[in-house]
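J.: Okay, predicted coordinates and the sequence, questions at the end:
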Amino acid sequence: MRKIIPILFIGAILVTLFFKSIFFTRNTFFQRDTLLLFHPWMNFSKELLKNGEIPLWNPFTNCGMPFLANFQSGVFYPLNIFFYLLSFVSAYKIYIFVHFLLTFLFMFLLLKDFELPDSACLGGSLIWTFSGTLITRVEFFSVLGTTIWLPLNFLLLRKSMYSKKYIAFLCITLPIQLLAGHPQEFFYSLLFLIGYTVFYSIDKKSLKPIFIFISVILMAFLLSAIQLLPSIELILNSRRVSIDINQAKIEGMDYDESTYLSLKLSDLKNIIYPFYYKEEVVKKALKEKILYIPHLWIKCHHIGIIGFICGIIGLFFVKKKIKWYLILAILFATMFSLGGNLPFYNLVYRFFLPSRFIRHPATVIYISIFCFSIFSAFGISYLKKDFFRALLSVIAFLELFSYGKNINLSLPSEIFVSRDSNINFLTSQKGFFRFTLTPLTLKITKTKGKNLFDSFVKYRDKLYGNVNMIYHLYNFYGQDIEIRNFYKFVDRVFSKPSLDSASKLLGLANVKYVLSYKELPTSNFELVHKNSFFIYKNKNFIERIRIVPKIKKMEESKILDYLDSKYFHPKNEVVVDNSVELTCNENNESSGKTKIEILKYSTNFLSLKTFTEKPSFLFIAETYYPGWKAYIDKKETKIFRGNYLFKVIELPKGEHTVDFVYKPVTFTIGKFCSLFSILFLSIFSVFVLTNQVRI
């Protein structure tokens, strides 16, 4: 403990120095994913939790979709509490500081477990903490939060092999890493830990370590079940599990998508020095005043020239058996990071099923950087004197500081509240409606302004991703996991040859406004706002909640074609699959007099008062998804999937109160699993600490 306090003090000073551009000013980092994903998500979670409501459903993105079930929302990640208690910018600064300080400490403790001198442990910890693979992750909360726990979990796993008291700690830290929100990074980390367990078991000629770690994994999954079960349900309903392409069903994503953002062989030079950063960030952003933010967390993974040389020395001269496992981990992680640029990766895609459910194979390079950082500490340890080891560690830090000080560009914190004409116009409109961007507008992400701040304000005003959530605007197509039927519906809309030809389907989905970067020839849309963008109003817009008199059954495969045809009349009918069983088969030309009053419309709950003179059907243009329950006068009624994607129920004649409630069974089961596991682990820990249990 005496050594930990000064190490923490040193780490705190160095983290503060490295990020001085935001810690000592009113500035903040402004990378793409911070803006498009995490600022809206954290703000959304904060709003609901403040009102005592769990953020289970997100009505503002993709016609409505699960929120908590998305791993990256990180609702239950303990260190996200800063965002729930403080302003976003203040929380962001604390989040960065705490995570970098923690991973610095975790790496130091891990290297101490290898019996290295403190000065060498300091050097290895600095190289890992301030490597490009971590510095570039400050924009991506879930990736940073997941990555920083690897050194600690590796340390606890090593200690668990010969000391039972560490098993309970590993059972806690492993689910924390999972709850941080990036399942892909967690999967890579878990594979690394599993590989080490197998390596250790072979070396010791015992299966006991494998059984111990299997038990740890099971307990970790049970502890995180409150997040894990809803997330599995979402994945099973998403296009990541299966999708139809050219009438052929593919398990997982197609090859091109699963290999998106693979490293090139030439990118591996960035391990030494961030060549990519100099060209793509400094030149284009700082000099040309064009906001174009590349995927730095994919390309910039440097550990510096000193770190690389020390790593090579450590790799060749370390005599511990762990050397061979770390070398294998580096080789496998580096090869996998090449993805589609690896000649035989198509075999990996074909026979290793998990590779079909993940994108960006380049991200696995962080395992190589982690192992190389360990080797660098061994390399530094070969210097005879503490003074020289400490001096080399400081020089390594200064080198990484010179590379990384400008990688994450900063701007005044007002950037997260500044708004321009598009946002002002849409927030001034009344009623429930959705907006969308044209497909070409979605693809054009470069934005030029008078200066970098102006460029970013204009970029934000385009409402890419989930920026709309901050303003309670409903986006037809945001940045999130896509449910299978939603993906097919969107694909049909965005593949239309013109905006006019998409008007009917957009209207069906409650899309009232379309944003375009250029003026469009159209007869079904009216130009209602013009500034840096053109905003068009859909003449075929239909209210989100409506009563229709007729229902039509047909084969699932024909529904989209029918919705897109001249024969479909969305105000008078709703289309369902042939398998739907109705209790009332009445179909009228008209529902007669009808009335809908919205009593409450919140994220997880919708309450209506309805009146209709004849039995009819209540249609809600929000995504049909497991977990939604409908009640008519407090009696449950079945929800059908209508018009391919949305919710519909049978509505008896007369006046009724209709409630829709999102109560996912997976969340309920997961909640009890997590609570039971916490109780079990607490009892287990007490018995272990009192030496009453043998393992």
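T.: That came through fine. Given the structure is predicted, the values throughout are model-derived calculations rather than measurements.
J.: quick one: what helix or strand has the residue nearest to Ser685 when sequence neighbours are not counted in it?
T.: In this structure, Ser685 finds its nearest non-sequential neighbour in Ala168, 4.3 Å apart by Cβ to Cβ, 6 or more residues apart in numbering. Yep, even glycine has a C-beta here, placed from its N, CA and C like the rest. In this structure, Ala168 is located in helix 165-179 according to DSSP states H and E.
J.: for that helix, what is the average pLDDT?
T.: Mean per-residue pLDDT for helix 165-179: 92.
J.: Quick check: buried residues in that helix?
T.: Using 16 or more other Cβ atoms under 10 Å as the test for burial, helix 165-179 gives 166-171, 173-179.
J.: sorry, back to before: can you tell me how far the residue nearest to Ser685 sits from Ser602?
T.: Computed as Cβ to Cβ, to the nearest Å, the Ala168 to Ser602 distance reads 39 Å.
J.: Equivalent analysis for Phe100, please.
T.: Applying Cβ to Cβ to Phe100 and Ser602 gives a distance of 37 Å.
J.: So between the two, which is more surrounded?
T.: Taking other Cβ atoms under 10 Å, Phe100 and Ser602 do not tie; Phe100 has more neighbours (25 against 13).
J.: Is that one located within a helix, as I assumed?
T.: Yes: when DSSP: H, G, I helix; E, B strand; the rest coil is applied, Phe100 is found to be in a helix.
J.: Do I have it right that it meets Arg137?
T.: No: counting by Cβ atoms under 8 Å, Phe100 does not reach Arg137; the two are 10.0 Å apart.
J.: Geometric centre of this structure: which residue is closest?
T.: Gln72 (3.4 Å; Cα atoms, centre = their mean).
J.: Now do the same contact list for Ile322.
T.: Phe114 (Cβ atoms under 8 Å, 6 or more residues apart in numbering).
J.: Leu263 too?
T.: For Leu263, the contact set (Cβ under 8 Å, 6+ apart) comprises Ile298, Lys299, Ser337, Leu338, Gly339, Asn341, Pro361, Ala362, Ile365.
J.: Which helix or which strand is home to Ile235?
T.: Counting by DSSP H and E, Ile235 is found in helix 225-237.
J.: residues in contact with that helix?
T.: Contacts for helix 225-237 (Cβ under 8 Å, 6+ apart): 56, 66, 68-71, 75-76, 178-179, 183, 221, 241, 357, 481, 483-484, 625-627, 664, 666-667, 669-671, 673-674, 677.
J.: what's the answer for stretch 133-140, then?
T.: Identification of contacts with stretch 133-140 by Cβ under 8 Å, 6+ apart yields 18, 29, 31-34, 38, 96, 100, 103, 128, 143-144, 147-148, 182, 296-297, 300-301, 365-366, 369-370, 400, 404, 407-408.
J.: Mind giving me the PyMOL command for buried ones among the residues you listed?
T.: The buried residues among these can be selected in PyMOL (16+ other Cβ under 10 Å) with this line:
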select buried, resi 18+29+31+32+33+34+38+96+100+103+128+143+144+147+148+182+296+297+300+301+365+366+369+370+400+404+407+408
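J.: So which of the contacts of stretch 133-140 sit within strands?
T.: Phe29 (DSSP state E).
J.: Ranking by neighbours, what's the top pick from the contacts of Leu263?
T.: Going by other Cβ under 10 Å, Pro361 tops the contacts of Leu263 with 29 neighbours.
J.: before we move on, back to that, was I right about the residue nearest to Ser685 contacting Ile678?
T.: No: counting by Cβ under 8 Å, Ala168 stays clear of Ile678, with 11.5 Å between them.
J.: give me every residue that touches the nearest residue to Cys121 once chain neighbours are set aside.
T.: Once flanking residues are discounted, Cys121 sits nearest to Leu111: 3.9 Å by Cβ to Cβ, 6+ apart. Taking Cβ under 8 Å, 6+ apart as the criterion, Leu111 is in contact with Ala120, Cys121, Gly124, Ser125, Ile374, Ala377.
J.: now, which of those sits nearest Leu157?
T.: Nearest to Leu157 out of the contacts of Leu111 is Ile374 (Cβ to Cβ; 14.1 Å).
J.: pretty sure that closest one is in contact with Ile327, am I right?
T.: No: in terms of Cβ under 8 Å, Ile374 does not count as a neighbour of Ile327; the distance is 11.0 Å.
J.: Neighbour count for these two, which is higher?
T.: Counted by other Cβ under 10 Å, Ile374 and Ile327 do not tie: Ile374 has more neighbours, with 27 against 14.
J.: Dihedrals phi and psi, that one?
T.: Main-chain dihedrals, Ile374, degrees, to the nearest 10: phi -60, psi -50.
J.: Without its sequence neighbours, what residue ends up closest to Ile313?
T.: Of all residues not flanking Ile313 in the chain, Gly379 sits nearest, at 3.6 Å (Cβ to Cβ, 6+ apart).
J.: Show me where the stretch 201-350 of the chain dips below the pLDDT cut-off.
T.: 240-252, 275-295 (pLDDT under 70).
J.: can you check the chain too?
T.: Scanning the chain with the threshold set as pLDDT under 70 gives 1-2, 240-252, 275-295, 445, 585-586, 688-695.
J.: Near Ile94, how many other residues are there?
T.: Neighbours around Ile94, by other Cβ under 10 Å: 16.
J.: That one falls within a helix, correct?
T.: Yes: assigned with three-state DSSP, Ile94 falls within a helix.
J.: how about the helices in the stretch 201-350 of the chain?
T.: Ranges of helices within the stretch 201-350 of the chain are 208-223, 225-237, 255-258, 275-277, 296-299, 304-317, 322-337, 345-351, based on DSSP state H, counting those that start in this stretch.
J.: Phe456 is nearest to which of those?
T.: When those are compared (using Cβ to Cβ), the closest one is helix 296-299, at 15.9 Å.
J.: elements contacting the closest one?
T.: On a contact count with 3 or more Cβ pairs under 8 Å, 6 or more residues apart in numbering; DSSP states H and E, helix 296-299 meets helix 275-277.
J.: Spatially nearest residue to Phe378 (excluding sequence neighbours)?
T.: Nearest to Phe378 is Gly314, by Cβ to Cβ, 6+ apart, at 3.2 Å.
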